[in-house]
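> Could you work out the structure for the sequence below:
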Amino acid sequence: CVGRRNWLFADTVHGANASANLYSLLQTCSVNGIDGYRYLHALFTALPNAKTAEDYAALLPWNIDLSNG
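Numbering: from 1, shown residues only. Modelled structure (predicted):
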């Protein structure tokens with residue numbers, strides 16, 4: 001429901017899915033009391049170094065360390 005009107009302007013199905021994923025991630029942050037901007041900054045900084053399933057699990061909103069940003 002968050003991005004319903006915005007998805008009308010998605011050029012492709014893949015673009016709409018990407019938008020839905022981003023909205024879902026930010027809503028998860030909101031529900032857990034996490035600043036979405038700080039989370040995305042930490043996520044995009046750490047994501048290139050993730051190699052294993054444990055690395056990716058550590059990047060979930062409730063697991064990631066936001067103290068460095």
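
> helix or strand right after the helix or strand where residue 37 lies?
Counting by DSSP states H and E, the element that carries residue 37 is helix 36-46. Tracing the chain past helix 36-46, the next element assigned as helix or strand by DSSP H and E is helix 53-57.

> quick one on the thing from earlier: buried stuff in the helix holding residue 37?
By 16 or more other Cβ atoms under 10 Å, the buried positions in helix 36-46 come out as 39, 42-43, 46. All C-beta spots, glycine's among them, are computed from the backbone N, C-alpha and C.

> again with stretch 45-52
With burial defined by 16+ other Cβ under 10 Å, the residues of stretch 45-52 counted as buried are residue 46.

> which element is residue 60 on?
Counting by DSSP H and E, residue 60 is held by no secondary-structure element, helix or strand.

> Show me how far the helix holding residue 37 is from its chain's centre.
Averaging C-alpha positions (Cα atoms, centre = their mean, to the nearest Å) puts helix 36-46 8 Å from its chain's average.

> could I get it in PDB with only the CA atoms?
Once non-C-alpha atoms are left out, helix 36-46 reads as follows in PDB (Å, rounded to 0.1, in the frame of the first residue of the first chain):
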ATOM      1  CA  GLY A  36      16.100   4.000   7.100                       C
ATOM      2  CA  TYR A  37      18.800   6.400   5.800                       C
ATOM      3  CA  ARG A  38      21.400   5.200   8.300                       C
ATOM      4  CA  TYR A  39      20.400   1.500   7.600                       C
ATOM      5  CA  LEU A  40      20.700   1.900   3.800                       C
ATOM      6  CA  HIS A  41      24.100   3.700   4.200                       C
ATOM      7  CA  ALA A  42      25.400   0.900   6.400                       C
ATOM      8  CA  LEU A  43      23.900  -1.700   4.100                       C
ATOM      9  CA  PHE A  44      25.300  -0.300   0.800                       C
ATOM     10  CA  THR A  45      28.700   0.100   2.500                       C
ATOM     11  CA  ALA A  46      28.900  -3.500   3.800                       C
END
